[in-house]
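> need a 3D model of the following:
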Amino acid sequence: MDMFEIISPLSVLLCFLGVFMGIIFGSIPGMTATMAIALFLPITYTLDLVDSIALLIGLYVGGISGGLVPAILLNIPGTPSSLTTTFDGYPMTQKGEGEKALKVGITASIIGGFFSLIILYFFAPVLASVAIKFSSVEKFLIIVFALTVIASISKGSLLGGIFSGFIGVYLSLIGMFADNNQMRLIPPGFEEELVYGFSLLPVLIGLFAIAQILQESETGMKASPHQNFDFKKDKKNRFTFKVFNGQLINTVRSSIIGTFIGMLPGVGGSAASISSYSQAKNFSKHPEKLGTGEPEGLIASESANNGLIGGALIPLLSLGIPGDSTTAVLVGAFLLQGIQVGPLFIPTNPDLWDGIIYALIMANIIMFFLMFFSIKYMAKIIYIPKYIIYPIIIVMCVVGSYAINNGVMFDVWTLLLFGLAGYVFMKIGIQVAPFLIGFILGGQLEKYFIDSLKGSGGDLTIFFTKGPIALGLWLLIAVSIIYAIVDNRRTKKSTAI
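Model (predicted):
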């Protein structure tokens, strides 16, 4: 469908707003794209589907892209995927090439973003067309596979991550059981408030905004102590597109790595940046220079960084599998609009699918022009004092939670409860991302399990004898678990050293 039949002027404005706010959240250390999306979810509830998607995609692209600002200027990665951006970005800043480094990173970002968008456009419908033939058994196994992602993202504590996921699944089952209208797992005195369980939106905002603010308050909220950077006009250090001469293979290779790793649930953005950077070093003509302020390393990191975006949306939109906390929050955004992501999403929502593609195109273009031509001013975002911005965020959280169900005070208590719970989780080792994935997928896990048993007359062997697709999914589940165990042991060994 024609772009202008789907995208309205309001969509463009909201996408611009999303990118701008996403850059702010990505640029300030301690604030993330996930927090930005969670915070703006209440606004999407009142918007048209395409308009809300334009806002959220803008936040996603802006939040991921904004992470390069503190990585280059402060040596603090704004996002996990901008980890290796610090390796060459900060040394360039120390040599007086801060503006040049920022523009190199921004240009590499849009290249990686558009590359992953092309892969998303052609690959996701193919994957969905296969998955659309799945019965309730295969859908149950897909959810089980998605839950094995919990093990993959449980860095440092495999059992802790699995336990976190099970708590999320348990809490998702609170409320009325659909088959017999019986209440379950509800504390006495809360039957009326929890008849439909905890509202998703206050849970999301509490976990990713209130909890983060509580954690940040421990160290204080003073302005950044780092020096202000003066971008002087120096012809020698000025950015030109000639920097990319001879970097075509490096850029394409890093974009491929970022997109591919983005497609693998649970692997994470830091793995993409490290893999692309290490490959750039392996194939570099002067590998000894990487890490001393070379644009080559910066290009590898940032093209992989934004390549993650389109890659992560492939399993999300075609299979309904969120690979990390950010895409899990996006699942929540779709659920608030009454849309179930999964195999049926693309064929049953063609306008929305086109809207997502157009929103990604707009967001990447807006991100590039907004950051490239005003980077001197955008860089000052890192100096916004947190004691100014966090109280505003708290008010937005409370108002959004209260308004989501037309003025239910219990949703505000839910927000504060899960905000405090998220803060406590960080202290005792319960991991927020696995918890959230379990909370979102728990209801679907139960539904498809019961539907499968109804179809088989209660025979549990149906999950193993359904056919080759089911066996293939069991193989993927086994591979995911084995990978998680091996990766967990490797992580423990590296930290021990």
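> give me the element the residue sitting nearest the centre point of the chain is part of.
A centroid search over the chain (Cα atoms, centre = their mean) returns residue 326, at 2.4 Å, as the residue closest to the centre. Using DSSP states H and E, residue 326 sits within helix 325-336.
> identify each buried residue in that helix, please.
Counting neighbours by 16 or more other Cβ atoms under 10 Å, one finds that the buried residues in helix 325-336 are 325-334, 336. Heads up, the C-betas are built off the backbone N, CA and C, glycines and all.
> packing partners of that helix?
Contact here means 3 or more Cβ pairs under 8 Å, 6 or more residues apart in numbering; DSSP states H and E; on that basis helix 325-336 packs against helix 33-44, helix 49-66, helix 200-205, helix 295-319, helix 432-456.
> other SSEs contacting whatever helix or strand comes next after the third one?
Spelled out, that is helix 200-205. Counting by DSSP H and E, the element after helix 200-205 in chain order, helix or strand, is helix 211-218. Packing partners of helix 211-218 (3+ Cβ pairs under 8 Å, 6+ apart): helix 386-403, helix 409-428.
> how about the last one as PDB, C-alpha atoms only?
Output of helix 409-428 as PDB, limited to C-alpha atoms (Å, rounded to 0.1, in the frame of the first residue of the first chain):
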ATOM      1  CA  MET A 409      -6.200   3.900  41.600                       C
ATOM      2  CA  PHE A 410      -5.100   0.300  42.000                       C
ATOM      3  CA  ASP A 411      -3.000   0.700  38.800                       C
ATOM      4  CA  VAL A 412      -1.000   3.400  40.600                       C
ATOM      5  CA  TRP A 413      -0.400   1.000  43.500                       C
ATOM      6  CA  THR A 414       0.600  -1.600  41.000                       C
ATOM      7  CA  LEU A 415       3.100   0.800  39.500                       C
ATOM      8  CA  LEU A 416       4.600   1.600  42.900                       C
ATOM      9  CA  LEU A 417       4.600  -2.100  43.900                       C
ATOM     10  CA  PHE A 418       6.400  -3.300  40.800                       C
ATOM     11  CA  GLY A 419       8.700  -0.300  40.900                       C
ATOM     12  CA  LEU A 420       9.800  -1.300  44.400                       C
ATOM     13  CA  ALA A 421       9.800  -4.900  43.400                       C
ATOM     14  CA  GLY A 422      12.100  -4.100  40.500                       C
ATOM     15  CA  TYR A 423      14.500  -2.300  42.800                       C
ATOM     16  CA  VAL A 424      14.500  -5.200  45.300                       C
ATOM     17  CA  PHE A 425      15.000  -7.600  42.400                       C
ATOM     18  CA  MET A 426      18.300  -5.900  41.500                       C
ATOM     19  CA  LYS A 427      19.400  -6.300  45.100                       C
ATOM     20  CA  ILE A 428      18.700  -9.900  45.600                       C
END
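> between it and helix 211-218, how big is the angle?
With axes from the mean of the first three to the mean of the last three Cα atoms, to 10 degrees as the criterion, the two stretches helix 409-428 and helix 211-218 enclose an angle of 50 degrees.
> what's the average pLDDT for helix 409-428?
Throughout helix 409-428, pLDDT has a mean value of 87.
> same check on the first one?
Average pLDDT, helix 386-403: 79.
> got the buried residues of helix 325-336 as CSV, with pLDDT columns?
Below are the buried residues of helix 325-336 laid out as CSV (pLDDT from 0 to 100):
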residue, pLDDT
325, 69
326, 77
327, 80
328, 77
329, 80
330, 82
331, 81
332, 76
333, 77
334, 80
336, 75
